[in-house]
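Engineer: Make a model of this:
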Amino acid sequence: MKWTGRTARHVPWAAARVVALAGMLAVSGLAAGAASASGGQPTAAQPAAVSLTYRCRFPSGSQPVTVAVTVSLPAVAATGKPIQPTGASLAMSLPPAAAAGLASLHAVMVSAATKLTISASEGPSGASVVWPGSTRRPVRRPAHGGLTLTTAGTVPAVTASSPGEVALTAAGLSVTFYAGRPAAPAPGPAQSPAPGRPLPNAGGRAAVPRSTAPAPQRTARLPLQVTCTLAPGQRAALGNVLVTGKARRTAAKSGTPVGKCPKLPKGGLKFNPRFPLPPPIKAPGTKVLHFPEQACAFTTGYADARKLKGAVLLTAALTNVALTAREVVNFSPNVNFFEADNVAQLDYHGLHEFPPSTATFLTFGFVPTTASVALVEHGTINIVAVGPAVGTGCKPNKFQNCITVATVSSRLSVQIIPGSVMVNGVPLDVGGQCQTSAFDAILTGSSASTPPYSVQFGGPLTGTVTIPKFKNCGVTENLDPIFNAAISGPRNFNLLTQGEVCFVQDALDCKPKVNTPVLPVPLRKVTG
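Structural biologist: Numbering: from 1, shown residues only. Predicted structure coming up:
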């Protein structure tokens, strides 16, 4: 048998990412709207603008910041079709006291990245989505006086499954100031955003995506992170979009994230050193080879929140993968060993994280709590698959047992999106740094399970995770104990389903005519 990069495609790897999400994920329902009309195609975008005052917490203290939000919204959209805002930008006017606080960056030129939380609602219910933005070029920091910074970026769409009127309203804001040029410019017009997540309704669950701009990287100097809340007594509505057409069920298809396999970073993906690769087996005839090939896949599934006695349907995540970055093979009949070492990285519009989810659980069994959370990847994901080099006539030996087992090792953290938390219908300000510490998360997939796992056709990946304690939650009071009591803890089971892998070179196992992986249907049961 001749070993090539092509045959490596049939060796299982777990293009899976894990999730510990936690406890706050399951989607609140949007009431069905009463409006109906003919047509149903999106109309020309209508410009919208609003000037808002935020109270931003700088190291020197709280400062008022005027933020002018501009965006274009379609006047009418159809059920099941994305409502895509365009031309979104924020112009922030910092008063002299706030501008003086940027001196801690020790730079003449400064830039910024923003995350504006938007409430997308229909009737009494809704969900949150985050609009990202970044400055296109740095601005000179004045020695005295105020400063204006403008950020812009491609923002995510939302999709309503029922006719009615969807209202978009500005909420929480977080700003990260950088020394010098922004590390990741905002996407240009040539970049097309992915179709939007559905707004949830009573007939199903879905999630609304968060950011679509690439995550800024740290510069040599530490950035300055600032969280802002709306000053009371303001009307923060950006506009309404009339949704027409027949109500549609919220099925896995209605909220399908679509996206082509992203390009690998310059120099390729590197293995995460936190999870060392196994040393090559010591046996005559062992070879260590390298046949890296780029691919990507979607993974969805369910995550249990053990304390809340519920499970969450996770938004499908797109993962960029360098398959068979290292291979260890031995075709000797007495050894018959193969190991495929792959490295992966989450890619959500340039951010290395799962798409965010908005969810509602009954905290402590009776208090409805809704929040939007993001699961952030720290480093890359190591995927090690070990099994027989030749499956036909395989006999177990000291090197393997003729079953291919893939192990996915990743390091993650859970972050609460500012302005998204509601407790029994009342907003709860948790601040801009409410998150867990980073934790290890490991899942496995096996060729012997029912249904089986394989690299080409995907399948189930399972494991349990421990959700660490939350920190930095709350503004005027410490809310860490509430999150820890309701969510943090061990033995949170995850059942994820990987879809077919899409190979970039020849679009094998991709959707027809587009370099896009197929979205899997989440499995509810696996044995073995």
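
Engineer: Tell me which helix or strand Asn484 sits in.
Structural biologist: Using DSSP states H and E, Asn484 falls within helix 480-486.

Engineer: what does whichever strand or helix holds Val384 rub up against?
Structural biologist: In this structure, Val384 is located in strand 381-387 according to DSSP H and E. With contact meaning C-beta atoms under 8 Å, 6 or more residues apart in numbering, strand 381-387 is reached by 11-17, 271-272, 275, 277-278, 319, 321, 337-346, 400, 402-410, 447, 455. Bear in mind the C-beta positions are built from the backbone N, C-alpha and C, glycine included.

Engineer: Out of these, name the ones that lie in helices.
Structural biologist: Secondary structure defined by DSSP state H assigns none of the contacts of strand 381-387 to helices.

Engineer: Among those residues, which are located in strands?
Structural biologist: Among the contacts of strand 381-387, the residues falling in strands (DSSP state E) are 319, 321, 337-346, 405-410.

Engineer: Could you count how many residues lie near Ser104?
Structural biologist: 16 (other C-beta atoms under 10 Å).

Engineer: just Pro47 next, same as before
Structural biologist: Close neighbours of Pro47, defined as other C-beta under 10 Å, add up to 11.

Engineer: Identify the residues contacting it.
Structural biologist: By C-beta under 8 Å, 6+ apart, the contact list for Pro47 reads Thr70, Val71, Ser72, Gly87.

Engineer: Tell me the one among the residues you listed nearest to Ala305.
Structural biologist: Val71 (34.4 Å; C-beta to C-beta).

Engineer: Excluding chain neighbours, what is closest to that closest one?
Structural biologist: Ala88 (4.4 Å; C-beta to C-beta, 6 or more residues apart in numbering).

Engineer: and the one you found, what does it touch?
Structural biologist: Val69, Thr70, Val71, Trp131, Gly133, Ala152, Gly153, Thr154, Val155.

Engineer: Let's see that with 10 Å instead.
Structural biologist: Contact analysis of Ala88 by C-beta atoms under 10 Å, 6 or more residues apart in numbering lists 48, 69-73, 116, 118, 131-133, 151-155, 186, 212, 238.

Engineer: what does Gln435 give?
Structural biologist: Counted by C-beta under 10 Å, 6+ apart, Gln435 has contacts 373-374, 376, 413-416, 468, 470-473, 483.

Engineer: you'd agree Leu264 is in a strand?
Structural biologist: No. According to DSSP: H, G, I helix; E, B strand; the rest coil, Leu264 belongs to no strand; its state is coil.

Engineer: what bits of the stretch 101-250 of the chain have low per-residue confidence?
Structural biologist: Along the stretch 101-250 of the chain, the parts satisfying pLDDT under 70 run over 122-128, 161, 181-221, 247-250.

Engineer: where exactly do the strands run in it?
Structural biologist: With strands called from DSSP state E, counting those that start in this stretch, the stretch 101-250 of the chain shows them at 109-122, 125-134, 139-140, 147-152, 158-160, 164-179, 197-199, 224-230, 237-244.

Engineer: Same list (those strands) but as JSON lines, adding distance to Thr462 and mean neighbour count.
Structural biologist: Conversion of the strands of the stretch 101-250 of the chain to JSON lines gives the following (distance: least, C-beta to C-beta, whole Å; neighbours: other C-beta atoms under 10 Å):
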{"stretch": "strand 109-122", "distance to Thr462": "33", "mean neighbour count": "24"}
{"stretch": "strand 125-134", "distance to Thr462": "28", "mean neighbour count": "26"}
{"stretch": "strand 139-140", "distance to Thr462": "49", "mean neighbour count": "12"}
{"stretch": "strand 147-152", "distance to Thr462": "41", "mean neighbour count": "19"}
{"stretch": "strand 158-160", "distance to Thr462": "30", "mean neighbour count": "30"}
{"stretch": "strand 164-179", "distance to Thr462": "35", "mean neighbour count": "22"}
{"stretch": "strand 197-199", "distance to Thr462": "26", "mean neighbour count": "30"}
{"stretch": "strand 224-230", "distance to Thr462": "36", "mean neighbour count": "21"}
{"stretch": "strand 237-244", "distance to Thr462": "38", "mean neighbour count": "20"}
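
Engineer: Please work out the average pLDDT along stretch 327-343.
Structural biologist: For stretch 327-343, the mean pLDDT works out to 93.

Engineer: buried residues in it?
Structural biologist: Going by neighbour count (16 or more other C-beta atoms under 10 Å), the buried part of stretch 327-343 is 327-331, 335-343.

Engineer: domains of this protein?
Structural biologist: Domain segmentation of the chain under automatic domain parsing yields 7-25+293-503, 45-244.

Engineer: Lys282 is nearest to which of those domains?
Structural biologist: Closest of the domains of the chain to Lys282 is domain 7-25+293-503, at 10.0 Å (criterion: C-beta to C-beta).

Engineer: show me where this protein has helices.
Structural biologist: Using DSSP H, the helices found in the chain span residues 96-100, 480-486.

Engineer: Let's have the ones you listed in a markdown table, adding mean neighbour count, distance to His352 and mean pLDDT.
Structural biologist: As requested, the helices of the chain are arranged in a markdown table below (neighbours: other C-beta atoms under 10 Å; distance: least, C-beta to C-beta, whole Å; pLDDT from 0 to 100):
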| stretch | mean neighbour count | distance to His352 | mean pLDDT |
| --- | --- | --- | --- |
| helix 96-100 | 18 | 30 | 91 |
| helix 480-486 | 19 | 24 | 85 |
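
Engineer: can you redo the ones you listed as TSV with distance to Val65?
Structural biologist: What follows is those, written out as TSV (distance: least, C-beta to C-beta, whole Å):
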stretch	distance to Val65
helix 96-100	6
helix 480-486	27
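
Engineer: of all those, which lies closest to Arg57?
Structural biologist: Among the helices of the chain, the nearest to Arg57 by C-beta to C-beta is helix 96-100 (10.4 Å).

Engineer: Just name whatever secondary elements the closest one is in contact with.
Structural biologist: Here helix 96-100 touches strand 45-58, strand 61-74, strand 86-94, strand 147-152, going by 3 or more C-beta pairs under 10 Å, 6 or more residues apart in numbering; DSSP states H and E.

Engineer: want to throw those into CSV with distance to Val518?
Structural biologist: Below are these laid out as CSV (distance: least, C-beta to C-beta, whole Å):
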stretch, distance to Val518
strand 45-58, 31
strand 61-74, 29
strand 86-94, 29
strand 147-152, 33
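
Engineer: Which one, of these, ends up nearest to Thr159?
Structural biologist: strand 61-74 (12.2 Å).

Engineer: quick revisit: quick one: which of the contacts of Pro47 has the most company?
Structural biologist: Each of the contacts of Pro47 was scored for neighbours by other C-beta under 10 Å, and Val71 scores highest at 24 neighbours.

Engineer: For beta bridges, what are the partners of that residue?
Structural biologist: Taking DSSP bridges as the rule, Val71 bridges to Ala48.

Engineer: Verify the stated contact: it with Pro85.
Structural biologist: Yes. With contact defined as C-beta atoms under 10 Å, Val71 and Pro85 form a contacting pair (4.9 Å).

Engineer: Now for the nearest residue to Thr462 once chain neighbours are set aside, how many residues are close by?
Structural biologist: Nearest non-adjacent residue to Thr462, counting by C-beta to C-beta, 6+ apart: Leu495, 5.4 Å away. By other C-beta under 10 Å, 20 other residues sit near Leu495.

Engineer: List the contacts of Leu495.
Structural biologist: 301-304, 311, 314, 443, 460-463, 522-526.

Engineer: Where does confidence bottom out across these?
Structural biologist: pLDDT is lowest at Ala311 among the contacts of Leu495; the value there is 69.

Engineer: check contacts around the nearest residue to Ala103 once chain neighbours are set aside.
Structural biologist: Closest residue in space to Ala103, ignoring its immediate chain neighbours: Arg141 at 7.4 Å, by C-beta to C-beta, 6+ apart. Residues counted as contacts of Arg141 (C-beta under 10 Å, 6+ apart) are 94, 99-100, 102-103, 105, 107-110, 147, 177, 179.
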